[in-house]
Structures are given as structure tokens and as C-alpha cells.
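Colleague: Sequence plus predicted model, see below.
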Amino acid sequence: MPFVRNFALGYVVIDGNRAAVGMTGKFCKPGHSPECFTNDDPAAVFSGAKSFSALWSNAVTPSSDYSLNPCIEVGGKWYIYSSSSPQSL
């Protein structure tokens, strides 16, 4: 089961009811190689001055260990976006 240590929100970019959310901490997926990676830079993928569209694509379809998390706002509350079902933040 994946787990995170020392979790904290990093930078967040919002466009309407969608947001791309960065996190810091140690992220682990037992059984994978490598099992863990650490992000201690809250700006991580934001430093490249990319458009919201590019950041959203990174969040929805991650291409590396560290990626943004896609979130959507529904009824005034934010949820982690998943093609299967949103999870409340």
C-alpha cells in the first residue's frame, strides 16, 4: 500500500473549478523500484512557468515520480480528481 511521510501542500494553481496541487514529503510505493522518493521543493514543477493547461496535463497524466495532483471543486468543496471517483480533500 502506498504511503507518504511528512506530507505538506506545496504550490497550488487554480483555473475555475480545476486546480493542480503540488505536495512535499517522502512518497513510497512498496514493491516498486525505487520504493521511495522525496520532494522538498514546494515549487517543484511550477518553476518552469508552464500554462495551466500544461500543469493540468501533468496532474492528470503523470510522467515522472513527482507530479501534481488534479483537484476539482464541486459544490464549494475541493476533491482529488480521479476518472473513477473524486475523493474529498
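Modeller: Cool, got the structure.

Colleague: residues in contact with the residue nearest the centre of the chain?
Modeller: Closest to where the C-alpha atoms of the chain average out (CA atoms, centre = their mean) is Asn69, at 2.2 Å. Asn69 makes contact with 20-23, 59, 80, according to CB atoms under 8 Å, 6 or more residues apart in numbering. From N, CA and C alone the C-beta is placed, and that goes for glycine too.

Colleague: which one of these is nearest Gly10?
Modeller: Proximity of the contacts of Asn69 to Gly10 (CB to CB) peaks at Gly22, which lies at 3.4 Å.

Colleague: in its sheet, what does the strand of greatest length in the chain sit against?
Modeller: Taking DSSP state E as the criterion, the chain has its longest strand at strand 3-15. Take DSSP bridges as the rule and strand 3-15 pairs in its sheet with strand 18-28 (antiparallel).

Colleague: any idea which helix or strand comes after the partner strand?
Modeller: Remark: after strand 18-28, the chain's next helix or strand is strand 36-39, criterion DSSP states H and E.

Colleague: who's in contact with that next one?
Modeller: So strand 36-39 is contacted by 10, 22-29, 65-66 (CB under 8 Å, 6+ apart).

Colleague: Can you turn the buried part of the contacts of Asn69 into a PyMOL selection?
Modeller: Taking 16 or more other CB atoms under 10 Å as the burial criterion, the selection of buried members of the contacts of Asn69 in PyMOL is written as:
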select buried, resi 20+21+22+23+59+80
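
Colleague: returning to that earlier point: roughly how far apart are the residue nearest to the centre of the chain and Ser33?
Modeller: 23 Å (CB to CB, to the nearest Å).

Colleague: likewise Pro42?
Modeller: 26 Å.

Colleague: These two - which one has more neighbours?
Modeller: A count of neighbours by other CB atoms under 10 Å puts Pro42 above the other of Pro42 and Ser33, at 14 against 5.

Colleague: Any regions of the chain where pLDDT drops low?
Modeller: Within the chain, the segments meeting pLDDT under 70 span 44, 63-66, 83-89.

Colleague: Kind regards, and thank you for your time.
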